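Trainee: heads up, no residue letters with this:
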């Protein structure tokens, strides 16, 4: 009796000890070098679908890197903080995540334009890279004014440029755009209005009418907007919403007035499976652009599924979400972090060591994702090949076009750039120069 | 070209129909307000919790009606727990305290729902199409969706049902007595806790129905919680304690916000729907604070 | 002590505490024999309502607790019961202030009373008809909204509603409050009838000692949470002390009272008005009320009243509950505008006045129910009274202009003076809400003094006080009058000590003036004795 009792206590104790040891001993106690990354996730609230997929993929990839030997032996550590896609909380998280075990963050990713605007001015002083993966402040693509900010994986002005190019192609050329009517249906926020400067300019150049209609968040009610659209009878609608509620409601409302979904073009942050599914049949035919294509056939995605999810270490409880739009986008961003870190180690002679913010920045600016390199990593075709330079922080500036078939996205057109990339670039440089002048910033010399 | 008049009619009809959806949400608030004299900030979370549980159960392959019944029972359970764990300990505290408690309750329900069912947006198919009814579209040139009409009918049915319940049943009389003066009601033997339980359960069921209507239209998702706050101007206009007020207030808000958005919105850069109802509500607060149907505060000197 | 089966209710030595700190009842014991009417008498705040609520278990809902003693109802303890359970056991309380369901109809109110009973539709209407035989007045108004019925009707609704629960015992809390005497008589007749025909035992809390003793079999007199006196209704009516304290028939005289206060004060080493009297001689009229009448809807609250107030005098307005005293005061300070008649102040007619204007003109008042800022300190409360004398605006104060700073200093100085005058230095930084009632009343007096008004209107300054507190308050009222010369108008419903400190008294009843003159004259006035005792003086 007593014996069995003792045995029970002993076994309990040993379990406790075991548990304790795993808690007390983090990876670096084995002597390995670590690099710390912040995960300012948004897993609850109206934008949770986006946040769980995107940040889930980042964590999955970091786990994967650690399982496959780290970045030249350097193990990745991370810490999460919930922003709820709220700018104020994003700042709070930025401060809270700033340090861990004495190591400072080297990169920050808000996955939200409001959040990005809230922290963007601290980057230079804090020596932290702001990696806006296809969102955020557009004119930050000018690296001379914004050395610490990147919007690699292409910004909103390129995105609207690419969309208009497709419309023109489908209408039979730019001359045919004359007299057409396009409604820009957008969330009533800075993000919703972000593409407008470029769009207005192109509208006057091409001679189409641009009608701007705003939706107040959360946007579950869009009757009045769609009634206006019905009255205007536009040829195309570019939709720039946020939150799957607003995104799916737009499609159901389009269905209610019989506006063809094949004349609607969705923004990257409204065009994912989670946005399409709730709209049911109404979503069928909707066009979406992507800066990272969905799919589970990419070798890296397969490998993560096997190794990370196979070991039960996956971040998403629903494995079927691996390979969806938001997850693959998150993977794309994490791949860039790791690649930037690798570059930094090489440039600064720190292979096998952790890097600082400044070194990481240099590594990021040296990103050169050729098709060959993408193939090595296992994501060839998932993102457009690109290179970043001192002046150009945008990357590819290309998007692929997909169409929702009711169950999944079909790629209908491969990576494309705007009609006139130089024109978009000029807009960026003008805007950045204006900002530099207003804020007394001397643009960096790039040569 | 659609004629201007027809377009106006269409805006009006669309507004009225979405107004009934607001009314449905507002109804739950009215119920609680009647019994506890407090604005139940958790109502939005209850809507979310109820419909998410319903859809979650359906995902397990449980048939529609069974899932509905289980969710109703669940919402009664929520009512029971609220009465036992929140209302009873806070009895005799000020209404402000209760208000704060409902905010807390809201957070608990939000969190619980997301923890149990996850955060993905779900589709709810009630088998009713959210597309124009062909006959009306062809003959009247009005685009009215079947779902909107259903929501309107459901809202009307619930309002009629609840009105009859309050007016003609013993339990309704008890509830109205408690709403009027809880102390006096308890002095003549009306058991407050039963009434509270009943009301919170009823509010839970109303939340489920409202959530189903909204969920079918916009997907079952977190944003439903924010949407529930639209009920506030509805209540200010209709009167916090009036069931017919909830529907009239909803219709007024629905119609006026759509008309304002379409005709005045462009001058403000659009998106005024978000705040226009609150401006309207402020006017009511200034000129008719008890709302259209709210009970006048009876005071004798 | 065994349980006496003749008693439906036995309360033994109960102590009641509110909020875990405030002791409301010290030691109350009483019995109600089956089928009898027992009256619980005493001033405001004596503990009558608390006693009733302890018995009906409604105390819990006001954060009160019976901490000592026992209550047995129908031979069984009421420990652990909740109100709805007590109703099942046959005890129903009619709460103070009637508490009708204002938004429900009269009939719905009454039907709600039967909530605890399982009645068929037929039985319910039979019960309803039976109740209407007692309350014939309500039958005619069955469809009206209860909130719009008169006070008397609301009281009837409350009693009728309670009767629908078929109680064996009723607890009635102040059924006469604020009602005209005819109505009070009517209600008491119904109560008596219910007692006799339905055999309901009744415990009745009343401030109106006169009407209560006329209808009860037995009475208890409470003072500050203790039973001071008990006896049959007959014996209490004849008791000298009751006559003096509660029926307002006093033999005291002003100069003796003043001497007594002076002796008291010397013993306690505090200041008191000197027996030699006042610094300011009573002068000519400062305020005159001429033929004023006031109506609420169709109800006449004040009918054709005239009287004057002389400079530096202490003038009392007395009368039973609902006589129109507060209405009178509200007319003087501009809360109500009388429909007829004029009020003259310093030789000019007060017309189109507001309370704010009145206070600027030098008339300040205190309220029957304290109107203090409970979370602020004593000093801050009194400083508020100085607001009138502050000329700097908030910008100047905000930016600390020299003028504002100087003024602030002067104000504080003045308040310190008042605090020392009222002998409350020791509590000047205490939060007002934490002070006992008597002291709060004093703080309110202090705030009124801070306005440096020429006339102070005091609305029941001694309500709810025990005898000692009352004497203390009297002392300060006299002191203010003697030393500062402030003219004082005070309202009281129990004549007690008021008669001793007033120079002249005007007596109101049913909104009419029934006597005016020095205390001696008033005391000898047959009409006054009749109003207070209900019997002709012979």
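Mentor: All right, it came through fine. Treat the numbers as computed from the prediction; the structure is a model and nothing was measured. Residues are numbered from 1 along each chain as shown, chains lettered A, B, ... in the order given.
Trainee: Could you check the pLDDT of residue A:245?
Mentor: Note for residue A:245: predicted pLDDT of 83.
Trainee: Which one of the residues in the stretch 101-250 of chain C is closest to chain A?
Mentor: As assessed by Cβ to the nearest Cβ, chain A sits closest to residue C:103 within the stretch 101-250 of chain C, at 33.8 Å. Where C-beta positions appear, they are placed from N, C-alpha and C, glycine not excepted.
Trainee: Over to that residue. Which of the three states is it?
Mentor: Taking DSSP: H, G, I helix; E, B strand; the rest coil as the rule, one finds residue C:103 in the coil state.
Trainee: tell me which element residue B:24 is part of?
Mentor: Residue B:24 belongs to helix B:4-36 when elements are defined using DSSP states H and E.
Trainee: Straight-line length of stretch A:306-325, end to end?
Mentor: In stretch A:306-325, first residue to last residue: 19 Å (Cα to Cα, to the nearest Å).
Trainee: got it, and stretch C:349-366?
Mentor: Start-to-end, stretch C:349-366 (Cα to Cα) is 23 Å.
Trainee: Wondering if it reaches chain B at all.
Mentor: No. Figure legend: stretch C:349-366 not in contact with chain B (Cβ under 8 Å from any Cβ of the partner chain); closest approach 14.4 Å.
Trainee: next one: that stretch to chain centre, how far?
Mentor: Its chain's C-alpha centre and that of stretch C:349-366 lie 24 Å apart, by Cα atoms, centre = their mean, to the nearest Å.
Trainee: For it, buried residues please.
Mentor: Using 16 or more other Cβ atoms under 10 Å in any protein chain shown as the test for burial, stretch C:349-366 gives C:350, C:353, C:358-359, C:361-366.
Trainee: Then stretch A:434-447?
Mentor: Those buried within stretch A:434-447 under the rule 16+ other Cβ under 10 Å are A:435-436, A:441, A:443.
Trainee: can I see the domain layout of chain A?
Mentor: A:31-154+A:295-397+A:422-438, A:157-290 (automatic domain parsing).
Trainee: Need the winner for burial among those domains.
Mentor: Among the domains of chain A, domain A:157-290 has the highest mean neighbour count (mean count of other Cβ atoms under 10 Å in any protein chain shown), at a mean of 22.
Trainee: First-to-last residue distance for that domain?
Mentor: Domain A:157-290 end-to-end distance (Cα to Cα) = 14 Å.
Trainee: is chain B contacted by it?
Mentor: Yes. Residues of domain A:157-290 are located near chain B by Cβ under 8 Å from any Cβ, namely A:188, A:212-221, A:223-225, A:227-228, A:230-231, A:243-246, A:248-249, A:252, A:255-258, A:274-275, A:277-280, A:282.
Trainee: that older thread, quick one: the domains of chain A as TSV, columns for distance to residue B:243 too.
Mentor: TSV is the format used below for the domains of chain A (distance: least, Cβ to Cβ, whole Å):
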stretch	distance to residue B:243
domain A:31-154+A:295-397+A:422-438	30
domain A:157-290	23
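Trainee: okay if I get these as CSV plus distance to chain C?
Mentor: Converted to CSV, these look like this (distance: least, Cβ to the nearest Cβ, whole Å):
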stretch, distance to chain C
domain A:31-154+A:295-397+A:422-438, 30
domain A:157-290, 34
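Trainee: which regions of the stretch 1-150 of chain A sit below the pLDDT cut-off?
Mentor: A:1-31 (pLDDT under 70).
Trainee: Which helix or strand in chain C has the lowest average pLDDT?
Mentor: helix C:254-268 (a mean of 64; mean pLDDT, DSSP states H and E).
Trainee: other SSEs contacting the helix or strand containing residue C:341?
Mentor: Assessed by DSSP H and E, residue C:341 sits inside strand C:340-345. For strand C:340-345, the packing partners by 3 or more Cβ pairs under 8 Å, 6 or more residues apart in numbering or on different chains; DSSP states H and E come out as strand C:285-296, strand C:299-310.
Trainee: Please convert the ones you listed to CSV, extending it with mean pLDDT and mean neighbour count.
Mentor: Below are the helices and strands packed on strand C:340-345 laid out as CSV (pLDDT from 0 to 100; neighbours: other Cβ atoms under 10 Å in any protein chain shown):
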stretch, mean pLDDT, mean neighbour count
strand C:285-296, 89, 18
strand C:299-310, 88, 18
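Trainee: Let me have the ones you listed in TSV, extended by distance to chain A.
Mentor: Shown next, in TSV, are those (distance: least, Cβ to the nearest Cβ, whole Å):
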stretch	distance to chain A
strand C:285-296	49
strand C:299-310	52
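Trainee: Among the ones you listed, single out whichever gets nearest to chain B.
Mentor: strand C:285-296 (6.5 Å).
Trainee: Nearest residue to the residue nearest the centre of chain A in space, please, no chain neighbours.
Mentor: What sits nearest the mean C-alpha location of chain A, by Cα atoms, centre = their mean, is residue A:133, with 3.9 Å. Excluding its sequence neighbours, the residue lying closest to residue A:133 (Cβ to Cβ, 6 or more residues apart in numbering or on different chains) is residue A:333, at 4.2 Å.
Trainee: and if you look at residue A:51?
Mentor: Leaving out its chain neighbours, the residue that sits closest to residue A:51 by Cβ to Cβ, 6+ apart is residue A:42, at 3.4 Å.
Trainee: Pull out the buried positions in the lowest-mean-pLDDT helix or strand in chain B.
Mentor: Within chain B, no helix or strand scores below helix B:134-140, which has a mean of 78 by mean pLDDT, DSSP H and E. By 16+ other Cβ under 10 Å, the buried positions in helix B:134-140 come out as B:136-137.
Trainee: cool, and stretch C:105-113?
Mentor: In stretch C:105-113, counting by 16+ other Cβ under 10 Å, buried: C:105-113.
Trainee: can you check stretch B:219-237 too?
Mentor: B:219-228, B:230-237.
Trainee: same check, this time on stretch B:180-196
Mentor: Neighbour counts over stretch B:180-196 (16+ other Cβ under 10 Å) mark B:180-182, B:184-192, B:195-196 as buried.
Trainee: which residues sit in contact with residue B:280?
Mentor: Counting by Cβ atoms under 8 Å, 6 or more residues apart in numbering or on different chains, residue B:280 touches B:233, B:237, B:252-253, B:256.
Trainee: helix/strand/coil for it?
Mentor: Assignment for residue B:280 (three-state DSSP): helix.
Trainee: Tell me the buried residues in stretch B:72-84?
Mentor: So for stretch B:72-84, counting by 16+ other Cβ under 10 Å, buried means B:72, B:74-76, B:78-79, B:82-83.
Trainee: Just the mean pLDDT for it, thanks.
Mentor: Taken as a whole, stretch B:72-84 has a mean pLDDT of 92.
Trainee: Now the closest residue to chain B within chain C. Nearest residue, chain neighbours left out?
Mentor: Nearest residue of chain C to chain B: residue C:87, at 2.9 Å (Cβ to the nearest Cβ). Closest residue in space to residue C:87, ignoring its immediate chain neighbours: residue B:189 at 2.9 Å, by Cβ to Cβ, 6+ apart.
Trainee: Doesn't the one you found belong to a helix?
Mentor: No. Read with three-state DSSP, residue B:189 is coil and lies in no helix.
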